[in-house]
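A.B. asks: Sharing a sequence plus its predicted fold:
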Amino acid sequence: MWRSRRLRFLTDAEIRPTPDRVRETVFNWLQEVVPGARCLDLFAGSGGLGLEALSRGAAHVTLIDQDARVIEQLQENLTLLGARNAELVCSDAFKFLAAHHSTQPFDIVFMDPPYRDHLLGEACARLESSGLLAQAAWIYLECGSDEPPPALPASWHYIHNRSAGQVGYHLAKKDPESDSASNDLSTA
């Protein structure tokens, strides 16, 4: 929908947009579930994942980042695109998870924190305990390709695990019927 639009991103912030090739693969995986979905981009940075979800028909996207300058730039990009179904929150991701309560859970969550901070494992645990996930939510996890994917909460399981260059990218699904024994790694 917004393919020809050139968006601006802060160059002095520690932003590392998800590579185009990776983003395309992720949204191919999610193509059946994005239309009409409520999405959370927990470590928004460039906002590329959340904005891509909006362009592919997500009903709503909440973008979280702790840097006010990043939020300002995201607001400019949303205005440029004419996107009205997005919410920007300037907050630390973990504080957001602890304090946010919603009667409408998220169907898809994107988690792409700074690689050097190794936050994914803790983010998964806190997201699971937050009560913000739909019963059959999809969770995208991104880390350095030299890092193993994080251990998942018992009710999640990996659907895809891939790497491209320096990026390790993984798709998990929350399934209340699964047990911790199903948290094996798939390369499909």
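C.D. replies: Received the coordinates, thanks. Please read all numbers here as calculations on a predicted model, not as lab measurements.
A.B. asks: When you work out contacts or count neighbours from here on, use the C-alpha atoms and nothing else.
C.D. replies: Noted.
A.B. asks: Buried ones in stretch 84-92, by neighbour count?
C.D. replies: 86, 88-91 (16 or more other CA atoms under 10 Å).
A.B. asks: Just give me the residue closest to the centre of the chain.
C.D. replies: Centroid-nearest residue in the chain: Phe110, 0.8 Å away (criterion: CA atoms, centre = their mean).
A.B. asks: Which helix or which strand is home to it?
C.D. replies: Element membership for Phe110, per DSSP states H and E: strand 106-111.
A.B. asks: ok, back up a step: closest to Leu49 out of the buried residues of stretch 84-92?
C.D. replies: Taking CA to CA as the measure, Leu49 lies nearest Ala86 of the buried residues of stretch 84-92, at 12.5 Å.
A.B. asks: That closest one and His60 touch, don't they?
C.D. replies: Yes: Ala86 lies in contact with His60 (CA atoms under 8 Å); the separation is 5.6 Å.
A.B. asks: what sits in contact with each of the two?
C.D. replies: Here Ala86 and His60 share no contacting residue, scored by CA atoms under 8 Å, 6 or more residues apart in numbering.
A.B. asks: Can you report how many residues lie near Gln135?
C.D. replies: If you count neighbours by other CA atoms under 10 Å, Gln135 ends up with 16.
A.B. asks: surely it meets Trp156?
C.D. replies: No: Gln135 is beyond contact range of Trp156, at 10.3 Å (criterion: CA under 8 Å).
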